[in-house]
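K.L.:
Need coordinates for the following:
(2 chains)
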Amino acid sequence: MSQLPHTSGLGFKPEHFHDIMVQPGAVGFFEVHAENYMGDGGAAHAMLTALRADHALSLHGVGLSIGGAQGLNPAHLDRLRKLIDRYQPESFSEHLAWSSHGTAWLNDLLPLPYTQETLTTICTHIDQVQDRLGCRMLLENPATYVTFENSTWTETDFLTEITRRTGCGLLLDINNVFVSATNHRFDARAYLAAFPLAAVGEIHLAGHDAEDLPSGPLLIDSHGAPVADPVWALYAAVLEQTGPLPTLIEWDTDVPDFATLLSEAARAKTVLARAKGGQSRAA
Amino acid sequence: MLHDPSHAKTEAAFNAALWGPAPPAGLTAPDANEIAQRFKVYRNNVQHSLTRALAARFPVIEALVGPAFFTAMARVYIAQSPPQDPVMLRWGASFAGFLDGFPPVAHLPFLGDVARLEYVRGRACHAADADPVAPEVLAVADLESLRLTLHPSALLFTSPLPAVQIWQSHQTGAARAPLLPGPDYALIARQPDFTVIVERIEPDTFAVLSSLCDGETLGFAAGKADPTPALTLLLRHGLIIDTDTGAPR
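P.N.:
Reported below is the predicted structural model:
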């Protein structure tokens, strides 16, 4: 697997296919949800083939349920392998979450306690994924609304230990950090200071919604709004330490026109350019 | 005392609570009084995302019953038949049968068949790719013994009710036409430009296409009815992908 370019990219939305094709090179890379391309044929594959022909590609899975207690679904791993063989993406990533229980697929990224047991389970799953897919994967930090009383690890220590044991990289979702920090009333900058930034292979930026609880705000990771200013500020602070990293703008609900997404990607590019001028990542 | 259940138990309790009124035990939050409100985000996300996935697969059913009713009905269906696979484009095969037996929609007896049509349409969208052959392949001496291989997306649909007409009347730009009584017959297929057609066809055309789909010869199919309309339809939409004269190659 080669590498994603250290520039900004966008989640691919089929409704923007024509806009993308008439502006080749406007976007540094595209990311797609793997599960949307697991049909046999049709427009989805035709568009992805055309897109892939002149863009770097990040394959982002939402279906493995890596954080689940049960074993990974071997048929799903096979489908991912088939997609990777066909499209040769520059990156494959998944989530620190679970999404299926028994035979039911819940279609959401659900939280888990951080314990010795879940650490072992997740590392076993990641080893299996990397073996079967033949590549190093990135694991994404979650946005959460509750925590578990039996957790014995902090999320950052837990992620650090996972990278140490499995050799996987991390996908740092800075909106998720901000959402979780706000929801659990901790300092996002302290979290990032403890985050194993050297393992980060990609950054996600997205918008969130807000609700009010009596004790304060509850942010919802909606992917349906522009990236919020505090998230941009955290992003700049991270890049000061890491230098430029592949950065994806995620916008999955109430998808705006392509120009709006391009302007978000352009804003990320200016932050990336500033980071390039400053400290750059040691080779 | 710190309670440390196994991960399988934690997950099972969390999952059970997604379908019930109260959050599971063992959760924490800065203000413990707000755990239920926080947990509700997960419950809502699961319901909402599955409901929208179902509506994306069955848009005409949602239009026929209205979004609010659809959401309430989806809640019942999702609890009974959650997806069994992370590939959501396969989900919903049992939705038509659910509608057939769901008492609150018993006054809309065509809903099940409209849902069947929408599911078949989805299958056509994602069926395997194959290139059509040139129309000249039909210019052979022994047309009678010719067998056709149709595009994997070419699927036949029939309903004793006017389900095809009802579906068509909910497409943008559809002309307002009085419904003719069923049965309805349709060819559902994906064209080379990836648009999926739902074309209402005559019973004779359906009979000929059924024979061809079963791998019968053109001669056999012509025994059912004049094969010209069926062949015209297949050629117009690029749905013949191979032919076999029966002769050794």
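
K.L.:
List the contacts of the top strand by length along chain B.
P.N.:
For chain B, the longest strand by residue count, based on DSSP state E, is strand B:184-190. Strand B:184-190 is touched from outside by A:42, B:117, B:120-121, B:124-125, B:127, B:151, B:153-159, B:161-165, B:196-203, B:205-206, B:209, B:233, B:237, B:239, with contacts defined as C-beta atoms under 8 Å, 6 or more residues apart in numbering or on different chains. For every residue, glycine as well, the C-beta is placed using N, CA and C.

K.L.:
cool, and stretch A:19-30?
P.N.:
Applying C-beta under 8 Å, 6+ apart, the set of residues contacting stretch A:19-30 is A:4-5, A:7-12, A:50-51, A:54-58, A:90, A:246, A:248, A:258, A:262, A:265, A:269.

K.L.:
From the contacts of strand B:184-190, keep the buried residues only.
P.N.:
A:42, B:117, B:120-121, B:124-125, B:127, B:151, B:153-159, B:161-165, B:196-198, B:200-201, B:205-206, B:209, B:233, B:237, B:239 (16 or more other C-beta atoms under 10 Å in any protein chain shown).

K.L.:
hmm, back to that, just the ones of the contacts of strand B:184-190 in strands?
P.N.:
B:155-159, B:196-200.

K.L.:
just curious, which of the residues you listed is nearest to chain A?
P.N.:
When these are compared for distance to chain A (C-beta to the nearest C-beta), B:Val196 wins out at 8.6 Å.

K.L.:
Who are the contact partners of the closest one?
P.N.:
With C-beta under 8 Å, 6+ apart, B:Val196 has these contacts: B:121, B:124-125, B:153, B:188-190.

K.L.:
try 7 Å this time
P.N.:
Contacts for B:Val196 (C-beta atoms under 7 Å, 6 or more residues apart in numbering or on different chains) come out as B:121, B:124-125, B:188, B:190.

K.L.:
ok, and the closest non-adjacent residue to the residue most central in space within chain B?
P.N.:
Among the residues of chain B, the one closest to the centroid is B:Tyr119, at 0.8 Å (C-alpha atoms, centre = their mean). Distances taken as C-beta to C-beta, 6 or more residues apart in numbering or on different chains put B:Gly92 closest to B:Tyr119, at 5.8 Å, once the chain neighbours are dropped.

K.L.:
Which of the three states applies to the one you found?
P.N.:
Under the three-state scheme (DSSP: H, G, I helix; E, B strand; the rest coil), B:Gly92 adopts coil.

K.L.:
Count the residues that sit near it.
P.N.:
If you count neighbours by other C-beta atoms under 10 Å in any protein chain shown, B:Gly92 ends up with 22.

K.L.:
Sketch out the low-pLDDT regions of chain B for me.
P.N.:
Applying pLDDT under 70 to chain B picks out residues B:1-3, B:247-249.

K.L.:
mind redoing it with 80?
P.N.:
In the predicted model, chain B carries pLDDT under 80 at residues B:1-4, B:141, B:246-249.

K.L.:
What ranges does it have for its helices?
P.N.:
Secondary structure of chain B (DSSP state H): helices at B:7-18, B:35-57, B:59-65, B:67-80, B:95-100, B:111-126, B:163-169, B:203-213, B:218-222, B:228-236.

K.L.:
Make CSV from the ones you listed and add distance to A:Ile126 to it.
P.N.:
What follows is the helices of chain B, written out as CSV (distance: least, C-beta to C-beta, whole Å):
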stretch, distance to A:Ile126
helix B:7-18, 15
helix B:35-57, 24
helix B:59-65, 38
helix B:67-80, 30
helix B:95-100, 35
helix B:111-126, 30
helix B:163-169, 45
helix B:203-213, 45
helix B:218-222, 55
helix B:228-236, 49
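
K.L.:
before we move on, back to that, from the contacts of B:Val196, pick the one nearest A:Leu205.
P.N.:
B:Cys125 (31.5 Å; C-beta to C-beta).

K.L.:
That closest one against A:Gly42, yeah?
P.N.:
Yes - counting by C-beta atoms under 7 Å, A:Gly42 is a contact partner of B:Cys125 at 5.2 Å.

K.L.:
now the stretch 1-150 of chain A, which segments are flagged as low pLDDT?
P.N.:
The low-confidence ranges in the stretch 1-150 of chain A, as defined by pLDDT under 80, are A:1-2.

K.L.:
Give me every residue in it lying close to chain B.
P.N.:
Residues of the stretch 1-150 of chain A lying close to chain B (C-beta under 7 Å from any C-beta of the partner chain) are A:35, A:38-43, A:46, A:63, A:68-69, A:76, A:98-101, A:103-108, A:110, A:112-113, A:117-118, A:121, A:145-150.

K.L.:
Which of the residues you listed fall in helices?
P.N.:
Short answer: these in helices (DSSP H) are A:43, A:46, A:76, A:117-118, A:121.

K.L.:
I'd like to know which of those are buried.
P.N.:
A:43, A:76, A:117-118, A:121.

K.L.:
Need the max-distance pair from those residues.
P.N.:
A:Ala43 and A:Glu117 (43.3 Å).

K.L.:
B:Ala53: how many residues sit nearby?
P.N.:
18.

K.L.:
That one is in contact with B:Met88, isn't it?
P.N.:
Yes - counting by C-beta under 7 Å, B:Met88 is a contact partner of B:Ala53 at 5.0 Å.

K.L.:
Tell me the residues that contact both of those two, please.
P.N.:
A:Asn107.
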